[in-house]
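A.B. asks: Kindly generate the corresponding structure for this input.
(one chain, ligands or ions: 1)
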Amino acid sequence: MKKLSLLMIALLLLFAIVGCSSGAAEPAAPAEEAAPAEEAAPAEEAAPAEEAAAPKKMEDLVVGYAQIGAESEWRTANTASIQSTGEALGVDLRFSDAQQKQENQLSAIRSYIAEGVDVIGFSPVVETGWETVLQEAKDAGIPVIMVDRRADVPRDLYATYLGSDFVVEGEKAGNEMNNLLPEGGKIVELVGTVGSAPANDRYSGFRNTLNDNIEIIDSQSGDFTRAKGKEVMEAFLKKYGDEITGLYAHNDDMAIGAIQAIEEYGLKPGEDIKIVSIDAVRGAFEAMIAGKLNVTVECNPLLGPQFYDLALRAVNGEELPEWVPSEESVYYPDNAAELLPERQY
Ligand code: AHR
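C.D. replies: Residues are numbered from 1 along each chain as shown. Next comes the predicted model:
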């Protein structure tokens, strides 16, 4: 009997041990399950990351665009290209016109950052003063594309620059003036907006190629507008009269304003005063057909298609080149009438 009791106790103990050990195994099971679950956790985390990396489509894009203003025919064509291309592509475009004021462009860019747009495009009215705002865009993870004009900022603050080589444009203009005044002469210069990239570069490019026998007797800003171009040319004529044999205008609008001033003064633009300007807008073709403008060097404003292509690539994380130059030509009166109907701006 005693032996039987001992056996019973031994059996009970055995059950207890087996029971305990199977009880201990229970938490292990979830632990084992937890292990794959833990492994699964990164997989779950990876899933949203993959979703975030899924490439955006053009029609998903929200674009903030801080335009300079509407100072010239060129700018009007540039704005139309950005707006109409955006519409055709189904982009959500938020567009602002800064009326040629840097502070307006700065606050437009800050609003786009606050709105959380995908990408920002802007044409810096002047070259300096953009670092802080572009750093803010970078901190918010929003790529910035400089269009038409470049700002003087470190490379890491923008995705790319799409626009012209303004130095080359100035150099072409210098060569054209040399051809128009082979015996030399005295010329005046209508400079663009002070501190802007095209004004700075067209100023220096022109001097790179201008012959020594041509003297620049005066150089003043006409702010890229027709009205200012006329006003400054009137002042030049008052000061130098028919001493002036040539005019270099940093854009067609100022040249067109100056042509009016020259005619009102009683001289013949294009003959008494040879004129070279930049942009190749329709107004310049009309002036060439009328014999009042000698040469226009092209600066292409139709940047909309290239801008959105670059914007999408930047948003999708592609490394873009520092500069995407636009292709440009030079136009003369000889075939201006033939080309005018084809001009899109
Ligand atoms: O930045 C481009 C220049 O700006 C154009 O040549 C001029 O017409 C415009 O206003």
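
A.B. asks: For E327, what are phi and psi?
C.D. replies: Per-residue torsions, E327: phi -90, psi 140 (degrees, to the nearest 10).

A.B. asks: Once you drop chain neighbours, what's closest to it?
C.D. replies: Nearest non-adjacent residue to E327, counting by Cβ to Cβ, 6 or more residues apart in numbering: N300, 6.8 Å away. (C-beta placed from N, C-alpha, C; glycine too.)

A.B. asks: same check, this time on V167
C.D. replies: V167 sits nearest to G205 (Cβ to Cβ, 6+ apart), 4.0 Å away.

A.B. asks: Please, which helix or strand holds that neighbour?
C.D. replies: helix 197-209 (DSSP states H and E).

A.B. asks: rewinding a little: does the residue nearest to V167 touch N175 like I think?
C.D. replies: No: G205 is beyond contact range of N175, at 10.1 Å (criterion: Cβ atoms under 8 Å).

A.B. asks: Which one's more surrounded, those two?
C.D. replies: The neighbour count for G205 versus N175, taken as other Cβ atoms under 10 Å, is higher for G205 (23 against 19).

A.B. asks: And the helices in the stretch 151-300 of the chain?
C.D. replies: Per DSSP state H, counting those that start in this stretch, the stretch 151-300 of the chain carries helices over the ranges 166-180, 197-209, 226-240, 252-265, 282-289.

A.B. asks: do the stretch 1-150 of the chain as well
C.D. replies: Ranges of helices within the stretch 1-150 of the chain are 2-53, 73-89, 102-115, 131-139, based on DSSP H, counting those that start in this stretch.

A.B. asks: in the last one, what's buried?
C.D. replies: If I follow you right, that is helix 131-139. Neighbour counts over helix 131-139 (16 or more other Cβ atoms under 10 Å) mark 133-134, 136-138 as buried.

A.B. asks: so which of those would you say is closest to E328?
C.D. replies: Nearest to E328 out of these is L134 (Cβ to Cβ; 26.8 Å).

A.B. asks: tally of neighbours for the nearest residue to E131 once chain neighbours are set aside?
C.D. replies: Distances taken as Cβ to Cβ, 6+ apart place V153 nearest to E131, at 5.4 Å, with adjacent residues excluded. The tally of other residues near V153 (other Cβ under 10 Å) stands at 20.

A.B. asks: How about the backbone phi and psi for V153?
C.D. replies: phi -140, psi 160.

A.B. asks: What residues does it make contact with?
C.D. replies: Applying Cβ atoms under 8 Å, 6 or more residues apart in numbering to V153 gives the contacts 130-131, 134.

A.B. asks: Please tabulate the residues you listed in a markdown table, including the columns distance to E338.
C.D. replies: Converted to a markdown table, the contacts of V153 look like this (distance: Cβ to Cβ, whole Å):
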| residue | distance to E338 |
| --- | --- |
| W130 | 42 |
| E131 | 47 |
| L134 | 44 |
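
A.B. asks: what sits against the residue positioned nearest the centre of the chain?
C.D. replies: By Cα atoms, centre = their mean, the chain has its centre lying nearest to V147, at 1.4 Å. For V147, the contact set (Cβ under 8 Å, 6+ apart) comprises 82, 121-123, 161-163, 303, 307.

A.B. asks: what do you get for Q99?
C.D. replies: Q99 is in contact with 69-70, counting by Cβ under 8 Å, 6+ apart.

A.B. asks: same check, this time on G222
C.D. replies: With Cβ under 8 Å, 6+ apart, G222 has these contacts: 190-192, 228-229, 231-233, 249-250, 254, 257-258.

A.B. asks: again, only this time at 7 Å
C.D. replies: Contacts for G222 (Cβ atoms under 7 Å, 6 or more residues apart in numbering) come out as 190-191, 228-229, 232, 254, 257.

A.B. asks: Determine which two of those residues are furthest apart.
C.D. replies: Using Cβ to Cβ, the contacts of G222 span at most 13.5 Å, a distance reached by V191 and G257.

A.B. asks: re earlier: tell me the one of the contacts of V147 nearest L181?
C.D. replies: L181 has its nearest neighbour among these in G163, at 29.6 Å by Cβ to Cβ.

A.B. asks: tell me, how many neighbours does the closest one end up with?
C.D. replies: Neighbour count for G163, taken as other Cβ under 10 Å: 24.
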